[in-house]
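S.K.: All I have is the shape, not the residue letters:
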């Protein structure tokens with residue numbers, strides 16, 4: 001992790017309740033299976049990324065080595081270990097999306113946000129990232145912004161979506 005890290009992390013009381021609920025779903029001795037939902041909770045609480053301090057807290061809660069939590073966080077692309085913009089725009093550029101115009105969607109992203117692949121806008125509102133398959137090939141090209149999928153895009157529809165986010 002190459003970004004400046006906060007010195008501490010703790011779940012809010014609401015998220016701690018959610019974390020304990022997830023942990024309790026697993027049988028005795030299998031609580032480490034809650035690592036993924038706890039990583040998600042930490043990421044959502046921390047503005048879209050997971051600091052090292054959160055990894056340590058999760059490891060302690062699940063009685064596992066922090067390197068094991070880190071391994072999970074680095075294996076799955078849904079976890080971010082460095083800050084992202086308020087609107088995290090992921091554009092699928094895998095073959096089905098590429099064949100149907102994902103390059104134009106990426107250009108629309110750059111036009112509206114000022115961000116090339118992997119960049120965050122100066123105001124911190126947008127991060128744009130090319131990603132592999134997001135599982136919506138039938139409606140290619142597509143992008144995911146936060147938890148929302150936008151499918152059957154072209155440059156005009158992508159620009160419209162991004163301008164709406166930029167304005168509000």
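M.R.: Good, I have the coordinates. None of the values given here were measured: they were computed from a predicted structure. Numbers count the residues shown, from 1 in each chain.

S.K.: Could you use CA atoms for every contact and neighbour count after this?
M.R.: OK.

S.K.: Figure out the length between the terminal residues of stretch 105-123.
M.R.: Terminal residues of stretch 105-123 lie 21 Å apart, using Cα to Cα, to the nearest Å.

S.K.: Kindly provide the whole-number mean pLDDT of it.
M.R.: In this model, stretch 105-123 has a mean pLDDT of 96.

S.K.: Tell me the buried residues in that stretch?
M.R.: Within stretch 105-123, the residues that qualify as buried are 105-110, 112-117, 119-121, counting by 16 or more other Cα atoms under 10 Å.

S.K.: Sort out for me which of the residues you listed are in strands.
M.R.: With DSSP state E as the criterion, strands contain 119-120 from among those.

S.K.: Name the nearest of the buried residues of stretch 105-123 relative to residue 130.
M.R.: Each of the buried residues of stretch 105-123 was checked against residue 130 using Cα to Cα; the closest is residue 117, at 6.0 Å.

S.K.: ok, the closest one - contacts?
M.R.: In this structure, residue 117 makes contact with 128-130, judged by Cα atoms under 8 Å, 6 or more residues apart in numbering.

S.K.: do residue 97 as well
M.R.: Here residue 97 is in contact with 137, 140-142 (Cα under 8 Å, 6+ apart).

S.K.: most surrounded residue in the residues you listed?
M.R.: The most neighbours of any of the contacts of residue 97, using other Cα atoms under 10 Å, belong to residue 142, which has 29 neighbours.

S.K.: Excluding covalently adjacent residues, which one is nearest to that residue?
M.R.: residue 151 (4.3 Å; Cα to Cα, 6 or more residues apart in numbering).
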